[in-house]
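Trainee: Requesting a structural model of the entry that follows:
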Amino acid sequence: MAETSSLGSKIRALRRRENVTQVQLAQQLGISPSYLNLIEHNRRALSAPLLIKLAQVFHLDLQTLSPDNDARLSADLLEAFGDPLFEGHDLAATEVRELAAQAPSLARATLALYRAYRSAQESMAGLAMKLSEGDDSGGIDHSRLPNEEVGDLIQRHGNYFAELEEGAEMLWRGAGLSLTNLYEGLVHHLTEFEGVEVRIETMGAMGGALRRYDPKRRLLTLSEVLRRGSRNFHLAHQLGLLTQQAALERITRDPLLTTDESRALGRVTLANYFAGAVLMPYREFLEAARSERYDIETLGHRFRTSFEQVCHRLTSLRRPGAAGVPFHLVRIDVAGNISKRFSASGLRFARFSGACPRWNVFAAFLTPGMIRTQISQMPDGATHFWVARTLRRDSGGYHSPPTVFAVGIGCEVRHARELVYADGVNLDNREAVVPVGITCRLCERMECEQRAFPHLQHPLRIDENVRGRSFYAPVAPR
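Mentor: Residues are numbered from 1 along each chain as shown. Here you go, the predicted structure:
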């Protein structure tokens, strides 16, 4: 039987959106209106056959009814309502979760309004700065967030795209690829089967680009600064754009992508996914990951890929019946900006405000290039095992400063023993667990020394004569 905690309200919302009466829907489902009424009020379970009929009636993707979608939506709403804008409205977390479960369309509309508000605030601040400097910023539209929409698309699919995996496997068979001759095999396939010439050009000739494709001349040029593994990735990326057009277009027609920019970014992201699947074939990579106990550096040497590319691939091992450890991944820069995030473990990431500074991915900057591990616990009790390190990306010569960022990858602590990084770590030592949160405005740990903002439901109270562990930490009266 399907879970009934919120399915009933979702069905009621779907029916009303389609202007269908209970009697009409009951007839289509082959049940009585009274039974449908009980289902809609969460007083009767929804059987699997009824769920399938319902999906057929509304042309519905059953994944949209997943409880995980409710959890992600409510987490985003909670974070949005954590903005000081909503102080004094006495918003309870239970009310926010009910809104996400019972009126998801309204919840998403509220998030869209909040995003527009945030974008307007940022645009006004930027405009004020530019005007004060005598600059003209006309024509810039900051109201759309393609990266957020593409991130939601990746999350909805669980970062697993069967069509692209199958396309990568077909390329391996058709081109006769092997790990020892991957570069030569990819170039040969591009030349012989796609009619694309591949050249390596100097930095000056590339004009700052790493990869440039001219569709009229069927010419692909790669920068000399790319190492062998990166050249392989760009070759596979171009093959993805050329050979997987139908799949890329089909996936990016998703209503989650609302602008041409989002759809274009979606195609690029999916071509990157395809490239990762080519460089690290699913079955071989999964077997290697298991045998090497998810040793990221060892896997990188074997498949000639970077630390970050291996981390990305580990998060995509979600094939039904042949899945790897469910990982979450986050990438940040030295300013704390989150540029990439994905979660197969259920961990929620901040979207509208700063992330918790107690995550070890931030501490990785203190020990550049070194692996750091952490056992962390969220306010709800969920415990995770983290691996993090900094990465340095060189983009050219002396006048092109390197980029440094940190990547963190983790899983629920129950999977930690499958990872080589847990060797010698006492996973049962409660004193080693680091309490972390999503963002300060939602974290209940008021005593945290690193709290930067008061909690949404705990207004700031100032006593000039008393100071706690932090400016916001409560102190017991004497």
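
Trainee: in this protein, which spans are strands?
Mentor: Secondary structure of the chain by DSSP state E: the strands cover 197-201, 211-214, 219-223, 318-319, 322-323, 328-333, 338-343, 372-377, 383-393, 403-412, 433-435.

Trainee: Can you lay out those strands as CSV showing distance to Glu418 and mean neighbour count?
Mentor: Backbone N, C-alpha and C define where each C-beta goes, glycine included. Output for the strands of the chain, formatted as CSV (distance: least, CB to CB, whole Å; neighbours: other CB atoms under 10 Å):
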stretch, distance to Glu418, mean neighbour count
strand 197-201, 39, 14
strand 211-214, 36, 16
strand 219-223, 37, 19
strand 318-319, 16, 16
strand 322-323, 12, 12
strand 328-333, 15, 21
strand 338-343, 18, 18
strand 372-377, 14, 20
strand 383-393, 10, 20
strand 403-412, 8, 21
strand 433-435, 19, 15
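
Trainee: Nearest to Val96, out of these?
Mentor: Among those, strand 338-343 comes nearest to Val96, with 19.5 Å by CB to CB.

Trainee: on that earlier part again, adding distance to Ala93 and mean pLDDT, write the strands of the chain out as JSON lines.
Mentor: Shown next, in JSON lines, are the strands of the chain (distance: least, CB to CB, whole Å; pLDDT from 0 to 100):
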{"stretch": "strand 197-201", "distance to Ala93": "55", "mean pLDDT": "96"}
{"stretch": "strand 211-214", "distance to Ala93": "46", "mean pLDDT": "96"}
{"stretch": "strand 219-223", "distance to Ala93": "50", "mean pLDDT": "97"}
{"stretch": "strand 318-319", "distance to Ala93": "29", "mean pLDDT": "94"}
{"stretch": "strand 322-323", "distance to Ala93": "31", "mean pLDDT": "96"}
{"stretch": "strand 328-333", "distance to Ala93": "22", "mean pLDDT": "94"}
{"stretch": "strand 338-343", "distance to Ala93": "20", "mean pLDDT": "89"}
{"stretch": "strand 372-377", "distance to Ala93": "18", "mean pLDDT": "96"}
{"stretch": "strand 383-393", "distance to Ala93": "21", "mean pLDDT": "95"}
{"stretch": "strand 403-412", "distance to Ala93": "22", "mean pLDDT": "95"}
{"stretch": "strand 433-435", "distance to Ala93": "18", "mean pLDDT": "93"}
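
Trainee: For Arg250, which of the ones you listed is the nearest?
Mentor: strand 318-319 (19.0 Å).

Trainee: and that closest one, how far from the chain's centre?
Mentor: What separates the centre of strand 318-319 from the centre of its chain is 16 Å, taken as CA atoms, centre = their mean, to the nearest Å.

Trainee: my guess is Leu235 contacts Gly185, does it?
Mentor: No. Counting by CB atoms under 8 Å, Leu235 sits too far from Gly185 to count as a contact (9.3 Å).

Trainee: which residue is nearest the middle of this structure?
Mentor: Residue closest to the mean C-alpha point of the chain, counted by CA atoms, centre = their mean, is Phe342 at 2.7 Å.

Trainee: Thought Gly158 was touching that one, still the case?
Mentor: No. In terms of CB under 8 Å, Phe342 does not count as a neighbour of Gly158; the distance is 9.0 Å.

Trainee: okay, the strands of the chain in CSV with distance to Asn19 next?
Mentor: Listed next are these as CSV, based on distance: least, CB to CB, whole Å:
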stretch, distance to Asn19
strand 197-201, 55
strand 211-214, 47
strand 219-223, 51
strand 318-319, 37
strand 322-323, 40
strand 328-333, 40
strand 338-343, 36
strand 372-377, 47
strand 383-393, 44
strand 403-412, 43
strand 433-435, 49
